[in-house]
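# heads up, no residue letters with this:
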């Protein structure tokens with residue numbers, strides 16, 4: 001089955017930004033696209049339009065018109081990409097979850113309202129539940145006027161195999177043509193020389209298993225995060241700014257990084273602070 005991504009749309013500038021970013025990724029790793037719009041405000045207006053075209057609701061007609069506009073843009077830019085239109089009715093989270101269970105997608109790509117993140121996603125739904133409860137990676141894309149870059153991608157690193165698995169998930173969208181920045185927090189006060197040796201071994205594994213060769217790393221002292229103990233996610237955001245990252249890869253595995261950082265409440269805070277695209281990987285098995 002061809003590679004495919006799912007993009008929930010509400011025809012706002014925020015979901016359009018997700019489409020724009022997905023098209024930018026097409027140049028790296030072509031993906032067929034499913035666009036899904038869920039009617040959440042009215043009851044049965046879409047089903048009624050299917051059973052009796054004469055009863056088509058104005059909202060249904062407008063949604064179909066706007067969907068066609070976006071399909072036309074995608075198809076004109078990438079004619080070889082198959083774009084499917086999907087209309088559902090009900091709860092946005094539930095319908096997206098059903099689609100994720102019924103289809104093989106490499107990721108769900110969704111637009112956010114920038115710094116407000118997942119608290120104010122398309123259609124007003126809390127899509128934090130999507131990446132929390134689906135088995136698919138979720139790529140959250142903030143709204144911004146400037147063009148996205150895809151040159152430096154960060155990964156929180158504790159030398160676990162699960163982190164390589166996160167990279168493999170991300171490669172399906174990003175390809176391998178980027179600089180990978182590994183970010184390690186020295187929670188054990190290990191010597192820098194020992195950490196450097198760990199990085200040497202781990203980087204060799206990454207190259208062998210992913211083909212990514214442009215790799216560098218950053219070591220942060222434990223006290224860097226201690227001073228942010230009430231808001232660890234803010235500390236991570238400062239690393240993003242310092243390193244000028246274009247995207248960040250986040251894992252749900254509780255063995256992959258500082259337990260405090262990847263407890264669900266911290267991941268949620270990171271999800272609410274979407275200043276750059278963040279790729280929330282599907283949950284990694286704990287034995288990896």
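Received the coordinates, thanks. On a predicted model such as this, the values are computed, not experimentally measured, just so you know.
# How many residues are close by residue 202?
Around residue 202 sit 21 other residues, with neighbours defined as other C-beta atoms under 10 Å. C-beta coordinates here come from the backbone N, C-alpha and C atoms, glycine included.
# mind checking the SS state of the residue lying closest to it once chain neighbours are set aside?
Nearest non-adjacent residue to residue 202, counting by C-beta to C-beta, 6 or more residues apart in numbering: residue 159, 4.8 Å away. Assigned state for residue 159: coil (three-state reduction, DSSP: H, G, I helix; E, B strand; the rest coil).
# now the one 3 residues further on
Under the three-state scheme (three-state DSSP), the conformation of residue 162 reads as helix.
# measure it to residue 71 for me?
Distance of residue 162 to residue 71, computed by C-beta to C-beta, to the nearest Å: 37 Å.
# who's more crowded, the two?
Neighbour count, other C-beta under 10 Å: between residue 162 and residue 71, residue 162 has more, with 22 against 15.
# Could you double-check that that one lies in contact with residue 251?
Yes - using C-beta atoms under 8 Å, residue 162 is in contact with residue 251, at 6.0 Å.
# circling back to that earlier point, over to the residue nearest to residue 202: give its phi and psi.
Comment: the main-chain dihedrals of residue 159 come out as phi 60, psi 40, following degrees, to the nearest 10.
# quick one, what contacts it?
Under the criterion of C-beta atoms under 8 Å, 6 or more residues apart in numbering, the neighbours of residue 159 are 184, 198, 199, 201, 202.
# Give me the distance between it and residue 141.
The span separating residue 159 from residue 141 equals 29 Å under the rule C-beta to C-beta.
# my guess is residue 185 meets residue 218, correct?
No - with contacts counted by C-beta under 8 Å, residue 185 stays clear of residue 218, the gap being 9.6 Å.
# Who has more neighbours out of the two?
Residue environment comparison for residue 185 versus residue 218 gives the larger neighbour count to residue 185, 22 against 14, counting by other C-beta under 10 Å.
# Kindly indicate whether the more buried one is helix, strand or coil.
With three-state DSSP as the criterion, residue 185 was assigned strand.
# Give me the contacts around the strand or helix carrying residue 68.
With secondary structure defined by DSSP states H and E, residue 68 is part of helix 58-77. Counting contacts by C-beta under 8 Å, 6+ apart, the residues outside helix 58-77 that touch it are 9, 11, 16, 19, 23, 26, 33, 35, 37, 39, 41-42, 45-46, 49, 81, 83, 85, 87.
# how about a cut-off of 7 Å?
For helix 58-77, the surrounding residues in contact (C-beta atoms under 7 Å, 6 or more residues apart in numbering) are 9, 11, 19, 23, 33, 35, 37, 39, 42, 45-46, 49, 81, 83, 85, 87.
# Give the buried subset of these as a ChimeraX selection command.
Selection of buried members from these for ChimeraX, criterion 16 or more other C-beta atoms under 10 Å:
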select :9,11,19,23,33,35,37,39,45,46,49,81,83,85,87
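# So which of the contacts of helix 58-77 is the closest to residue 136?
Sorting these by distance to residue 136 puts residue 33 at the head of the list, at 14.6 Å, by C-beta to C-beta.
# what sits up against the host helix or strand of the closest one?
Using DSSP H and E, residue 33 maps to strand 32-39. Residues from elsewhere that reach strand 32-39, judged by C-beta under 7 Å, 6+ apart: 2-10, 22, 45-46, 59, 63, 67, 70-71, 74, 81-90, 92, 95-96, 99, 123.
# Filter these down to the buried ones.
For these, a neighbour count by 16+ other C-beta under 10 Å gives the buried set as 4-10, 22, 45-46, 63, 67, 70, 74, 81, 83, 85-89, 92, 95-96, 99, 123.
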